[in-house]
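Novice: sharing a model that was predicted from the sequence below.
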Protein chains: 4
Amino acid sequence: MIIELKTIEDADQVMKAVNDKKLEHVFQHKNRVGFVDQKALGDVPFEINNVKEVITDHPAALQASRLFHPENTIIKTQHSVIGDGSFALIAGPDSIESEEHVQLMGKDVKESGATLLRGGSFKPRTNPYSFQGLGEQGLKWHREAADKLGMDMVTEIMDTRDLEMVDKYTDIFQIGTRNMQNFALLKAVGQTDKPVVLKRGMSATIDDLLNASEYIAAGGNHQIILMERGIRTFDNKYTRNTFDVSAIPVLKDLTHYPVIGDPSHAAGVTKFVEPIGLAAAAAGADGLMVEIHNHPKEAFVDGKQALTPAQFDHLAKVATKIHNLVKEAD
Amino acid sequence: MIIELKTIEDADQVMKAVNDKKLEHVFQHKNRVGFVDQKALGDVPFEINNVKEVITDHPAALQASRLFHPENTIIKTQHSVIGDGSFALIAGPDSIESEEHVQLMGKDVKESGATLLRGGSFKPRTNPYSFQGLGEQGLKWHREAADKLGMDMVTEIMDTRDLEMVDKYTDIFQIGTRNMQNFALLKAVGQTDKPVVLKRGMSATIDDLLNASEYIAAGGNHQIILMERGIRTFDNKYTRNTFDVSAIPVLKDLTHYPVIGDPSHAAGVTKFVEPIGLAAAAAGADGLMVEIHNHPKEAFVDGKQALTPAQFDHLAKVATKIHNLVKEAD
Amino acid sequence: MIIELKTIEDADQVMKAVNDKKLEHVFQHKNRVGFVDQKALGDVPFEINNVKEVITDHPAALQASRLFHPENTIIKTQHSVIGDGSFALIAGPDSIESEEHVQLMGKDVKESGATLLRGGSFKPRTNPYSFQGLGEQGLKWHREAADKLGMDMVTEIMDTRDLEMVDKYTDIFQIGTRNMQNFALLKAVGQTDKPVVLKRGMSATIDDLLNASEYIAAGGNHQIILMERGIRTFDNKYTRNTFDVSAIPVLKDLTHYPVIGDPSHAAGVTKFVEPIGLAAAAAGADGLMVEIHNHPKEAFVDGKQALTPAQFDHLAKVATKIHNLVKEAD
Amino acid sequence: MIIELKTIEDADQVMKAVNDKKLEHVFQHKNRVGFVDQKALGDVPFEINNVKEVITDHPAALQASRLFHPENTIIKTQHSVIGDGSFALIAGPDSIESEEHVQLMGKDVKESGATLLRGGSFKPRTNPYSFQGLGEQGLKWHREAADKLGMDMVTEIMDTRDLEMVDKYTDIFQIGTRNMQNFALLKAVGQTDKPVVLKRGMSATIDDLLNASEYIAAGGNHQIILMERGIRTFDNKYTRNTFDVSAIPVLKDLTHYPVIGDPSHAAGVTKFVEPIGLAAAAAGADGLMVEIHNHPKEAFVDGKQALTPAQFDHLAKVATKIHNLVKEAD
């Protein structure tokens, strides 16, 4: 149940009583108070005054809901803003390969407008014998490149035991598709004060994704960026996954978190990355995360889906134009 | 096997020999000859001269393939052109409801730029007790409205026994999702000389769709328009289907037929029709088919997903701008 | 709404009033009357006496529901009974290939306990250039073989225009996966008095299948046999489809029609046909439909999934034992 | 590449050279040596004598493959054997609820033939506000119950940081569906010497499951039990998941590990647990894992799918009979 009070002070009063009674799973956002365990006013063991509205039909992921938090969440890092109406560009190599390479890639994508430098040092590979990432050495090179270029660093964390180490380097945590319901990991990043990019699981419903985000929010971290990256369907002959483009407006409707698209993993092959990226922009995404490589055929991982810096530049420009066109038409 | 000859005359020569030998399933397009049953030059029981290239790795749907027919197919009807680089708008009510209604809806969508007036008189309803369409009376009203407004008529055919009747009225046949592999019906429209809009089945792979189109082409009718309308996946809570936006660039890559999007059936609810329609345009669609209704709540069928004429006008304008923007950026 | 009356005579009275008032979509089964368009007693424009129970929460496919028709439907043909607690065996070649071949296959499967001889003379092939079946010649040979062996003939119909012709030969119509929502065809066989095997569409939900059956029932034909044959999912590397084994108990729970399994199309490869067939039997199927061939590698269609007569014999025996074991344990 | 040598001694020789050359990802099983990184004999930097056969077409999950390890893996714990041709029964409550409850449930399932007592103390709940399990207290009660009853304990681990704690109590680790590709966790249990039950992810392909198992095997732990528990498809109205029954024979064909079925999570409702469990047995499963509860409506988690002890007793008996019947018919 979400209760909209007349004023923020009214809501503060409610929270005081909540704390006195030691009620669990109760959250405040401005003049709204959300009760997870109480489903009706009568369930609350004290009187509540100045109620404006009581909302009982809301998603289980209460804090993620626009009914609890109507205005957009805007994520700010040192060099970037996500969710404020601008179009965020996160780009970089799939894997950190070397000190020089990540700097070179970072320089290229920065010139095309990217402010966030992505790259993996821990790689969730399907097969254990594949390259698993450079680990802490990769994190270091990644950090150095970001600092040198004045960009924000985004990198994936896969193991709760790595939290302290990854936290030492990164600006934004990324939770990968295969870990979207690794609840221990979600709880761990929920304890930090850094933004988290949460990728949709490959067979996760919209509700699953919101519930996964709620694990982070429940820990007190509300800096969440949701990412659509393609789902698993019956046809993956020509693209690796099916980019669920309507998930973007659906999520924007249900939740206040920014939503970005990953056309690289959806496409799986270079030639379809741009049209998917443009579609994401047209559907209302707040940005894109794209994998690039200067020599795709020599990439350590996923070279088949990497854009060259020039291809990324084209995508970045056209996607941004579409984003602006759609925003102006609103 | 597709054989590219040096000249069209060389290809004509090959076809002469093919006819002499009474070979089956052999097709010519300009200087190309496609052999379905012969997989290598050695399988052909006569000598072929002036061969430029032999292509053996092509889709089973040979005539649909760009390898057989490299240039885009452009569909021309009295009032419309589809596939020539412009953005086609097909709109109208889900069902023909009355003489006045189809005229009113037609007038509205024409003002927003639509040149093709859609509407169903035979409705493929999940349940037999639902409204099944007005039948021939609907076709008549639909035809009259199209004539009065100077538009082309597009309507669904569901039964081979109705071919003559529907053919009497319509400009373009539509084959619905549930009949995408109704091979008898595909063969029947393949015998006509009218364009066919072929909607992708809800669990049809890209290859299934191409093979279904080949049933039409095999009959000699190459005026085919492919339509993505959403596929069935594990999540249909917030949208009725999952619009497979990457199917658009994939199909444009594989085949020469125009590809259009149907955001109405994919969304299933009005508020998501526009973002899906815009995404389709951004991904390279040659047009959209959209359901509209002046009083969605009173629509005979599928009112929940109908746009009002004003909403359609907005979608039509923004989608066309995106289409042009993407084309210019190419 | 389904109304259970005290006696059959009470229900007869209700139907008399229904006919007087010319109400549509009202059906009687013994002492039950089902109203499709009236959702509450108050919607019925006359008084109803001796009401025992009013059921408003039932599937849209009213006649298919056990709430309307609690006891099992039993299908009887000259040589077979399906749905009476015995285990029905339908077997034969995928396609009718020759007069001799269908007789030879029929003889073999009869010796293994099959009483129904399957075989296709109209084949719904994905690609138009594949073998499409022998047509009426095949039907004749199939009929002769069935007569000679004292078996029932089961064959697929694909086109409403073929109804009269196929009806002339077959004992049981089969509606294939790709035509499960070919509503014109369903209506056509609904007008006949012969049993219909209705195969589940490859992405049809349970409700879709029941609604498709209702198209047949709405025409007055209640001799319906439902068939699970595998659905389309994200993994078809090792089997062609995913046999949805739980659909069998779900359908047996929801509906009164017999439910049989087709392990051949689900498996797609010979070695997995038997375990899937046994699973179907264990899950409560009323029988199996299996494709066999004496020389699988030379089969006109789908030889990769055909059992040899000896393999079928093994499957038939073990499946029947499992069926009996489960029935006794009930 | 898998090389079959003439004798085990020959294989030992190869491994000696492998160690000398410090080659990585090379494994020996009896007279077979599997090279992950070398795809042909010529890739190996030393000569290999007494080669019987070279197999290059094998799954990426080399150690999981029957081509590397032809005979069945048999898992032995103090009170149980899995994979030796007998039918293993793992049962217990979804969650450990209290000291008394787990003992009571354990006693009941033991009487029905179960030798393994399951129960969760760490629960992977979709929503963070749901009951998350009793943690270490639950593990203690679970261990005590198992010891008292002479059963083996099976429990889920969700966080690499819990490894030492869970290891202190359990006999068998369980990796849940949502963690099937939590590679850090797979690596962690791969370092232990205890059996691991690996549940298939809800959209994991067969190959994904084998590759996940390979993460465990790569660490040196080959005591792996694979579990089919239902996959996510387009229809979950009547059952929670689609039990992929053919995955059982497919896995038994591809790999040497035991394969068991979890009908509880597939069904999601009590009434369909038994038919799915029987189907799994008929399809060749080596056992079942089933959730039970004496008062399903009061269960902490998933009461809707719990069998009562009496229902489990019936399932256990019939499933075992089917298992034996199928085995004898082989």
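Specialist: Ah, there it is. Residues are numbered from 1 along each chain as shown, chains lettered A, B, ... in the order given.
Novice: going forward, measure contacts and count neighbours with C-alpha atoms only.
Specialist: Noted.
Novice: next, A:Lys321: secondary structure please.
Specialist: helix (DSSP: H, G, I helix; E, B strand; the rest coil).
Novice: that one: neighbour count?
Specialist: Here the number of neighbours of A:Lys321 (other C-alpha atoms under 10 Å in any protein chain shown) works out to 19.
Novice: and for the one 5 residues further on?
Specialist: One way to gauge burial is a neighbour count; for A:Val326, by other C-alpha under 10 Å, it gives 20.
Novice: what helix or strand is it located in?
Specialist: Taking DSSP states H and E as the definition, one finds A:Val326 inside helix A:309-329.
Novice: tell me the helices and strands packed up against that helix.
Specialist: helix A:99-111, helix A:273-282, helix B:309-329 (3 or more C-alpha pairs under 8 Å, 6 or more residues apart in numbering or on different chains; DSSP states H and E).
Novice: I'd like these written out as CSV, with mean pLDDT added.
Specialist: Putting the helices and strands packed on helix A:309-329 into CSV (pLDDT from 0 to 100) gives the following:
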stretch, mean pLDDT
helix A:99-111, 98
helix A:273-282, 98
helix B:309-329, 97
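Novice: among those helices, show me which one is buried the most.
Specialist: Of all the helices and strands packed on helix A:309-329, helix A:273-282 has the most neighbours on average by mean count of other C-alpha atoms under 10 Å in any protein chain shown, namely a mean of 31.
Novice: quick one: contacts for the residue in the stretch 51-200 of chain A that chain B sits nearest to?
Specialist: Closest residue of the stretch 51-200 of chain A to chain B, C-alpha to the nearest C-alpha: A:Pro59 (12.2 Å). Counting by C-alpha atoms under 8 Å, 6 or more residues apart in numbering or on different chains, A:Pro59 touches A:65, A:207.
Novice: assign it to helix, strand or coil.
Specialist: Strictly by three-state DSSP, A:Pro59 counts as coil.
Novice: for B:Asp162, see how far away it is.
Specialist: 47 Å (C-alpha to C-alpha, to the nearest Å).
Novice: next, count neighbours for A:Leu5.
Specialist: Based on other C-alpha under 10 Å, the number of other residues close to A:Leu5 is 22.
Novice: nearest residue to it other than its sequence neighbours?
Specialist: The shortest distance from A:Leu5 to any non-neighbouring residue, by C-alpha to C-alpha, 6 or more residues apart in numbering or on different chains, is to A:Val51 (4.6 Å).
Novice: where's that neighbour relative to D:Phe312, distance?
Specialist: Taken as C-alpha to C-alpha, the span from A:Val51 to D:Phe312 is 50 Å.
Novice: next one: A:Leu288
Specialist: 51 Å.
Novice: A:Asn241 now?
Specialist: A:Asn241 is 40 Å from D:Phe312, by C-alpha to C-alpha.
Novice: residues in contact with A:His265?
Specialist: A:229-230, A:240-241, A:305.
Novice: and the residues you listed, which of them are in helices?
Specialist: Among those, no member falls in helices (DSSP state H).
Novice: report pLDDT for the residue of the stretch 51-200 of chain A closest to chain B.
Specialist: A:Pro59 is assigned a pLDDT of 93 by the prediction.
Novice: so A:Met227 bridges to which residues?
Specialist: Beta-bridge partners for A:Met227, by DSSP bridges, are A:Lys199, A:Ile260.
Novice: residues near it, how many?
Specialist: 29.
Novice: and if you look at A:Ile8?
Specialist: 16.
Novice: same deal with the one 10 residues further on?
Specialist: For A:Val18, the tally of surrounding residues (other C-alpha under 10 Å) stands at 19.
Novice: OK, contacts around it?
Specialist: Contacts of A:Val18 (C-alpha under 8 Å, 6+ apart): A:Val26.
Novice: just the one 4 residues further on next, same as before
Specialist: The contact partners of A:Lys22, taken as C-alpha under 8 Å, 6+ apart, number zero.
Novice: could you measure it against A:Met15, distance?
Specialist: Relative to A:Met15, and taking C-alpha to C-alpha, A:Lys22 is found at 10 Å.
Novice: cool, and A:Gly133?
Specialist: 46 Å.
Novice: more crowded one of these two?
Specialist: Neighbours per residue, other C-alpha under 10 Å: of A:Gly133 and A:Met15, the larger number sits with A:Gly133, 22 against 18.
Novice: pretty sure that one contacts A:Arg125?
Specialist: No: counting by C-alpha atoms under 8 Å, A:Gly133 does not reach A:Arg125; the two are 9.3 Å apart.
Novice: next, A:Val54: secondary structure please.
Specialist: strand.
Novice: ok so, going back, ok and the helix holding A:Val326 relative to helix B:309-329, angle-wise?
Specialist: Compare the direction of helix A:309-329 with that of helix B:309-329 by axes from the mean of the first three to the mean of the last three C-alpha atoms, to 10 degrees and you get 160 degrees.
Novice: other residues contacting helix A:309-329?
Specialist: A:85, A:87, A:89, A:105, A:108-109, A:112-113, A:274, A:277-278, A:281-282, A:284-285, A:290, A:292-294, B:318, B:322, B:325-326, B:329.
Novice: for stretch A:131-143, same thing?
Specialist: Contacts of stretch A:131-143 (C-alpha under 8 Å, 6+ apart): A:95-99, A:102-103, A:119-125, A:153, A:165-166, A:169-170, A:300-301.
Novice: those in strands, which ones?
Specialist: Among these, the residues falling in strands (DSSP state E) are A:Met153.
Novice: any of the contacts of stretch A:131-143 buried? List them.
Specialist: Among the contacts of stretch A:131-143, those classed as buried by 16 or more other C-alpha atoms under 10 Å in any protein chain shown are A:95-97, A:99, A:102-103, A:119-125, A:153, A:166, A:169-170, A:300-301.
Novice: want to try CSV for the helices and strands packed on helix A:309-329, with distance to A:Lys140 as columns?
Specialist: Listed next are those as CSV, based on distance: least, C-alpha to C-alpha, whole Å:
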stretch, distance to A:Lys140
helix A:99-111, 9
helix A:273-282, 29
helix B:309-329, 38
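Novice: please name whichever of these is nearest to A:Ile206.
Specialist: helix A:273-282 (16.3 Å; C-alpha to C-alpha).
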